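Novice: could you work out the structure for the sequence below:
(2 chains)
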Amino acid sequence: MRTLYELAKVLRSKNSGPFELTLDILFDSIEDYQLVKDSGKISVNAICDLYNLSKEEVRHLVFYDQALGVKITILRDIPSGSIGDRDVYGAQQHAPLMNIRF
Amino acid sequence: MVEDIRILSPCGMLGYGFPIESFMNGIKEKPHGIIVDAGSTDAGPHKLGAGVSIVSRRAAKKDLEIIITNGTVNKIPIIIGSAGGAGAKKHVDWTLDIIDQIFQEHTISAKVAVIWGDIPNDMVMTANDLGKVTPLSPNIKPMTNDIIRETNGIVAQMGHEPILEALENGADIIVCGRAYDPAPFAALGIFHKKDPGLAYHLGKILECGALCAEPGTTKDCIMGTLKNDCFTVKSLNPNRRCTSISVAAHTFYEKEHPYILHGPGFILNLKNCCYKEDEGVVEVSNSQYIPIKPYLIKLEGARQAGYRTVVIAGVRDPILINHIEEIEKEVEAQVQRYYDEIPTEDYTIRFYNYGMNAVLGEKEKERFTGHEIGVLLEVTGNSQEIANSICATARSTLLHYGLENRKSTAGNLAFPFAPSDIEFGPVYEFSVYHLMEVDVNPFKIEYRQVNK
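Specialist: Coordinates of the predicted model:
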């Protein structure tokens, strides 16, 4: 078993506008990408569980074969830079994904 | 057949800096334009709300000096997107002032086009009354006239159309207010009759500078070449190279969807794109531009949400760390009781326990282990006086809090600074982040002939 952290080349989070966060998982081998894609472990349910979200708060979960990547976009509880926001750039929200095992 | 169009992108943000060697490598290839993005909403609503820029004036001038002196002498058009960071009038004026100084110091003459991105409040109100303004996502409140009145000016992201018009009118330098990041790049390509899908996709890649290369950075130059049925990108620094994965991955960057990109008046469909790599040059084809009716522009606006005062302190005592969250709740309750004359809705007290769960908050599932934490106490209030008063009392209450079994009766907090309390000033929030339907181009262009 390997973790997503070990498999991915890029595993990052970032704002996509002030009201959404986007999680990018990118691979540098087709085998690793396909392993993750086929496992079904990156799913709306899994993201809801990891980030305490309802299904409606997961805006997109899309595999993009050309880039060997998965993109997940979720709604922010608190918009970027508003009072109570903990991560203005949204750049440290990827960590809960790192320990998913394949 | 039209010739290949080369676009030099010096860096991902005007004022971030770039190696002069990379830039001159680009100039040697006789680019058809030098285009640089200067804006972002990434740093939050403060820039737009307070009318300040992301980079220092000194840094913006250093970059602009290189770009303008090399661009004008070689007759290469220069386009600056989202001037001054947020692209509102204050930010554009700030940029124009720097440019004027460079013109005077180097006795340069040029025709400057300024494209304003500000949208008058009454235009937004009228459109809203007609149901032509909608929130961009479901966690944004519907627009009201009150929100518009409380907002410190509204800007909209322009597409390529007004920039194209300025190019057609022979501008040497185009300073754009708030622009869709890829639009200035796309405008040059479309001006030279290239495919708008390829032009916008290339713009999306170039607007972050060398972030699409490996190793990626926003502080270096990249060259994009638009051909008739594809575009290529390559690093202008021999220490970096573009790969098909680095370029495809960059298409992902900061966007909500990996291959459907929404822009002003169109959708870019990149589902069928092909990325081919040859010796550090990546060729991309099949980017598809789909015009959308009605034409929608993205509005941005910020309003003041209060005033802030903060304290940062270290906690090392294990007895205190073990009970920190319950103690913080008790501190908040004691402060409320002490200031019973201030309504609780006039302020908020927040503790961020760095080392424990400060980043993910209630979403943190990792069990805490560690021997010290950083506590950030944040107080926001309706006035600076309230924020300061509440913060000072919360700080002293936590400092002297007499927890059970405490041995360290002298104080609970290690302050790195004196004074401990930092007055932060006004705090802003994005009050407007909506789409507005437009029938006519709302972006006004102004031409200035300098030094002639």
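Novice: got the phi/psi numbers for the residue most central in space within chain A?
Specialist: Centroid-nearest residue in chain A: A:Leu23, 3.2 Å away (criterion: C-alpha atoms, centre = their mean). The phi/psi pair for A:Leu23 (degrees, to the nearest 10) reads phi -110, psi 120.
Novice: A:Leu11 and A:Met98 touch, don't they?
Specialist: Yes - taking C-beta atoms under 8 Å as the definition, A:Leu11 is a contact partner of A:Met98 at 6.3 Å. (Each C-beta comes from the backbone N, C-alpha and C, glycine too.)
Novice: find residues that contact each of these two.
Specialist: Residues touching both A:Leu11 and A:Met98 by C-beta atoms under 8 Å, 6 or more residues apart in numbering or on different chains: A:4-5.
Novice: ok, back up a step: ok, for the residue nearest to the centre of chain A, nearest residue in space, not its chain neighbours?
Specialist: The shortest distance from A:Leu23 to any non-neighbouring residue, by C-beta to C-beta, 6 or more residues apart in numbering or on different chains, is to A:Ile72 (4.3 Å).
Novice: is it correct that that neighbour falls within a strand?
Specialist: Yes - the assignment for A:Ile72 by DSSP: H, G, I helix; E, B strand; the rest coil puts it in a strand.
Novice: and B:Pro343, how far from B:Phe351?
Specialist: From B:Pro343 across to B:Phe351, the span is 21 Å (C-beta to C-beta, to the nearest Å).
Novice: who's more crowded, the two?
Specialist: Legend: neighbour count by other C-beta atoms under 10 Å in any protein chain shown for B:Pro343 and B:Phe351, higher for B:Phe351 (19 against 9).
Novice: now the more buried one, nearest residue through space, not along the chain?
Specialist: Per C-beta to C-beta, 6+ apart, closest to B:Phe351 is B:Glu328, 4.4 Å.
Novice: would you list every one of the strands in chain A?
Specialist: A:10-15, A:20-26, A:58-64, A:69-75 (DSSP state E).
Novice: can you pull the buried residues of stretch A:59-67?
Specialist: A:59-64, A:66-67 (16 or more other C-beta atoms under 10 Å in any protein chain shown).
Novice: ok now it, how far from the chain's centre?
Specialist: Between the centre of stretch A:59-67 and the centre of its chain there are 11 Å (C-alpha atoms, centre = their mean, to the nearest Å).
Novice: ditto for stretch B:44-63
Specialist: Offset of stretch B:44-63 from its chain centre (C-alpha atoms, centre = their mean): 10 Å.
Novice: looking at A:Leu11 and A:Met98, which is more packed in?
Specialist: Set A:Leu11 next to A:Met98 and count neighbours by other C-beta under 10 Å: A:Leu11 wins out with 19 against 13.
Novice: for the more buried one, list each beta-bridge partner.
Specialist: Counting by DSSP bridges, A:Leu11 is bridged to A:Ile25.
Novice: can you tell me how far it is from A:Leu35?
Specialist: Distance, A:Leu11 to A:Leu35, using C-beta to C-beta: 15 Å.
Novice: now do B:Gly44
Specialist: Look at B:Gly44 and A:Leu35: by C-beta to C-beta, they are 38 Å apart.
Novice: the two: who's more crowded?
Specialist: Each of B:Gly44 and A:Leu35 has its neighbours counted (other C-beta under 10 Å); B:Gly44 has more, 23 against 15.
Novice: pretty sure that one contacts A:Arg76?
Specialist: No - if you go by C-beta under 8 Å, B:Gly44 and A:Arg76 don't touch, sitting 11.9 Å apart.
Novice: and for those two, which residues touch both?
Specialist: A:18, A:85.
Novice: enumerate the residues of the stretch 301-450 of chain B near chain A.
Specialist: Residues of the stretch 301-450 of chain B found near chain A (C-beta under 8 Å from any C-beta of the partner chain) are B:305-306, B:308, B:348, B:350, B:352, B:358-363, B:365, B:380, B:427-430, B:433.
Novice: mind checking how far B:Ile327 is from chain A?
Specialist: Between B:Ile327 and chain A the distance is 20 Å, computed by C-beta to the nearest C-beta, to the nearest Å.
Novice: low-confidence regions, the chain specifically.
Specialist: In the absence of a named chain, chain A is used. In the prediction, chain A carries no residues with pLDDT under 70.
Novice: wait, chain B was what I had in mind.
Specialist: Low-confidence segments of chain B (pLDDT under 70): B:1-2, B:452.
Novice: give the other helices and strands that the lengthiest strand in it contacts.
Specialist: The longest strand of chain B (DSSP E) is strand B:295-315. Contact here means 3 or more C-beta pairs under 8 Å, 6 or more residues apart in numbering or on different chains; DSSP states H and E; on that basis strand B:295-315 packs against helix B:46-50, helix B:145-150, strand B:151-156, strand B:373-381, helix B:384-399, strand B:421-438.
Novice: give me the contacts around the second one.
Specialist: Outside of helix B:145-150, the residues within contact range by C-beta under 8 Å, 6+ apart are B:121, B:124-125, B:128, B:141, B:154, B:301, B:303-304, B:431-432.
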